[in-house]
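[1] this is a predicted model, with the sequence first.
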Amino acid sequence: MLIDQLDNLLDAKPFQPFRVLTADGLSIPVKSPEFAWHPPASRMLWVYAERGDKAHLIDLQLVTQFIIGHDGGGGGGRGNGSRRRAK
């Protein structure tokens, strides 16, 4: 199911930035489809991080959710993908 969701997110026209949230608490932004690669018939996802010149190799079995429409930036947010509840 997550693989189908991921493929739909990467192929969306127009593309909407999103975050990948993992079971260990990582929140990884995907700003553009050029920054992510999902090999065919694989449960692995590569995401290139602009800062630090590194890539994340993520097992899709460890992804808890995708946050769609997030700006993908690191500023102004809580960093862990959670949102504040309105009071």
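    Yep, that arrived.
[2] excluding sequence neighbours, find me the nearest residue to the most centrally placed residue in the chain.
    Centroid-nearest residue in the chain, with CA atoms, centre = their mean: residue 20, separated by 2.8 Å. Excluding the flanking residues, the one nearest residue 20 by CB to CB, 6 or more residues apart in numbering is residue 28, at 4.6 Å. The C-beta positions use only the backbone N, C-alpha and C, and glycine is treated the same way.
[3] for the one you found, give me its contacts.
    Contacts for residue 28 (CB atoms under 8 Å, 6 or more residues apart in numbering) come out as 19, 20, 22, 47, 49, 56, 58.
[4] I'd say residue 48 and residue 58 touch.
    No: using CB atoms under 8 Å as the test, residue 48 is too far from residue 58 to be in contact (11.8 Å).
[5] okay, now residue 42: neighbour count?
    Applying other CB atoms under 10 Å, we find 12 residues neighbouring residue 42.
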